[in-house]
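J.: Kindly return the folded structure for what I paste below:
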Amino acid sequence: MSSFRDKMAAKTAELGSTAERQTTERPAAPPPEPRRSSAFKTGPGMLGALAVAQQRIQELETKSDKLMLPVNAIQPNPWQPRKIFSDEGLASLAESIREVGLIEPVVVRRADSGYQLIAGERRLRAHVLLHEEEIRASVIDCSDQDMAVLALVENVGREDLTDYEIAQSLRRAEHEFPTRTRMAEALGMSRKGLYRFLAFESLPDFVRLDLDLNPRLLGGSAADEIVSAIKKHGAAGLASARELWPAVVAGTLDQGKLAAAIGAQSNRTVDERSVSERSIEKIFSGKSHAGSITKDTNSFTVKLKTGVLSDAQETQIRELISQLFNVKPG
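T.: Next comes the predicted model:
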């Protein structure tokens with residue numbers, strides 16, 4: 001019977017597996033993933049972080065209690081990134097457990113009320129599907145930081161975990177670390193990669209509400225670009241994002257093209273507003289057209305044709321401007 005230590009060793013050697021392994025389980029292929037961020041391409045860093053967490057769990061597991069626990073006494077892992085679980089995959093796992101039993105116990109720690117899950121959420125959910133009242137578990141002592149690192153590093157390399165789910169979990173785990181730099185180091189990430197995921201927090205509420213329902217709508221790189229585009233264009237950018245976002249939800253606008261679309265629409269909006277608010281007054285010298293005064297959202301411009309002013313008039317205009325503004329000789 002494989003131990004939790006063996007399972008963690010396997011994950012260290014094969015980071016990126018798409019499901020917890022039950023011997024007879026055949027996980028369903030994950031649906032297409034949105035454009036992923038490059039933040040987690042620091043494989044050695046993640047492997048190192050997982051190895052440290054594994055060593056810590058290994059030390060604790062040697063002292064663990066093996067118990068049959070009530071399923072309803074086990075609380076979820078608060079740092080678990082995954083929010084979407086394949087119904088087909090869970091049904092397959094449940095059928096496997098029904099036929100051959102639970103091969104790998106779940107791992108928990110004692111909590112103020114009952115127990116808190118460390119690893120094995122799919123196995124726990126499969127027991128719920130089977131209406132099992134008890135589940136076999138290894139009970140260990142584990143710190144909050146150990147749990148946060150283990151849950152994140154174990155999951156972030158998986159192709160079927162969305163960037164938004166990772167971002168939410170990073171936010172939940174952030175208070176377990178003294179600084180974001182230390183958090184990035186613990187997860188084997190670059191600081192820039194960490195901030196790219198934290199950009200999800202700066203998205204407008206109407207975007208995040210849809211991501212709560214369907215986290216696959218937006219990848220980390222696109223989210224970062226969208227936040228930058230809205231920040232650059234201000235109110236016009238936010239209005240453009242609100243107008244264009246439904247097309248992303250409907251699938252008619254690629255999420256990777258949304259930032260550019262926000263910029264283009266914002267610029268058109270500003271240009272149209274400038275034209276609509278522009279006023280032009282013509283200046284005449286007698287019956288001859290001498291120039292114009294133009295005012296729009298960005299400027300107030302006085303244009304006079306060469307030769308229409310006398311030297312005295314030019315001097316008067318310059319003196320008036322000097323009185324109104326701080327004019328320095330060119």
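
J.: Low-confidence regions, the stretch 51-200 of the chain specifically.
T.: Scanning the stretch 51-200 of the chain with the threshold set as pLDDT under 70 gives 51-54, 56-64, 81-84, 151-160.

J.: Show me the helices in it, by range?
T.: Here the stretch 51-200 of the chain has its helices, by DSSP state H, counting those that start in this stretch, at 87-100, 121-129, 144-156, 163-173, 180-186, 191-198.

J.: Distance from the first one to the middle of the chain?
T.: For helix 87-100, the distance from its own C-alpha centre to the chain's C-alpha centre is 31 Å (Cα atoms, centre = their mean, to the nearest Å).

J.: returning to what we had before: of all the helices of the stretch 51-200 of the chain, which one is nearest residue 236?
T.: helix 191-198 (24.4 Å; Cβ to Cβ). (Each C-beta comes from the backbone N, C-alpha and C, glycine too.)

J.: before we move on, back to that, out of the helices of the stretch 51-200 of the chain, nearest to residue 314?
T.: helix 191-198 (55.6 Å).

J.: Can you list the buried residues in the closest one?
T.: Neighbour counts over helix 191-198 (16 or more other Cβ atoms under 10 Å) mark 193-194, 196-198 as buried.

J.: For residue 263, state which of the residues you listed is nearest.
T.: residue 196 (19.1 Å).

J.: the domain parsing of the protein - what is it?
T.: Domain ranges of the chain: 4-195, 205-276, 280-324, per automatic domain parsing.

J.: show me where pLDDT drops low in the stretch 201-330 of the chain?
T.: Looking at the stretch 201-330 of the chain by pLDDT under 70, you get 269-278, 297, 327-330.

J.: Tell me where it has helices.
T.: Under DSSP H, counting those that start in this stretch, the stretch 201-330 of the chain gives helices at 205-213, 220-250, 258-276, 311-324.

J.: Include mean neighbour count when you put the ones you listed into CSV, please.
T.: Shown next, in CSV, are the helices of the stretch 201-330 of the chain (neighbours: other Cβ atoms under 10 Å):
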stretch, mean neighbour count
helix 205-213, 14
helix 220-250, 19
helix 258-276, 16
helix 311-324, 10
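
J.: Would you mind giving these as TSV with distance to residue 101 added?
T.: As requested, the helices of the stretch 201-330 of the chain are exported to TSV (distance: least, Cβ to Cβ, whole Å):
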stretch	distance to residue 101
helix 205-213	36
helix 220-250	39
helix 258-276	48
helix 311-324	89
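
J.: which one of those lies closest to residue 167?
T.: Among those, helix 220-250 comes nearest to residue 167, with 7.1 Å by Cβ to Cβ.

J.: same for the closest one, what does it pack against?
T.: Helices and strands touching helix 220-250, by 3 or more Cβ pairs under 8 Å, 6 or more residues apart in numbering; DSSP states H and E, are helix 163-173, helix 191-198, helix 205-213, helix 258-276.

J.: For those helices, give me a markdown table that also has distance to residue 96.
T.: Below are these laid out as a markdown table (distance: least, Cβ to Cβ, whole Å):
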| stretch | distance to residue 96 |
| --- | --- |
| helix 163-173 | 25 |
| helix 191-198 | 34 |
| helix 205-213 | 30 |
| helix 258-276 | 41 |
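
J.: Identify all contacting residues around stretch 193-206.
T.: The contact list for stretch 193-206 (Cβ atoms under 8 Å, 6 or more residues apart in numbering) reads 37-40, 42, 163-164, 166-168, 170-171, 180, 183-184, 187, 208, 211, 218, 220-221, 223-224, 226-227, 230, 238, 241-242, 245.
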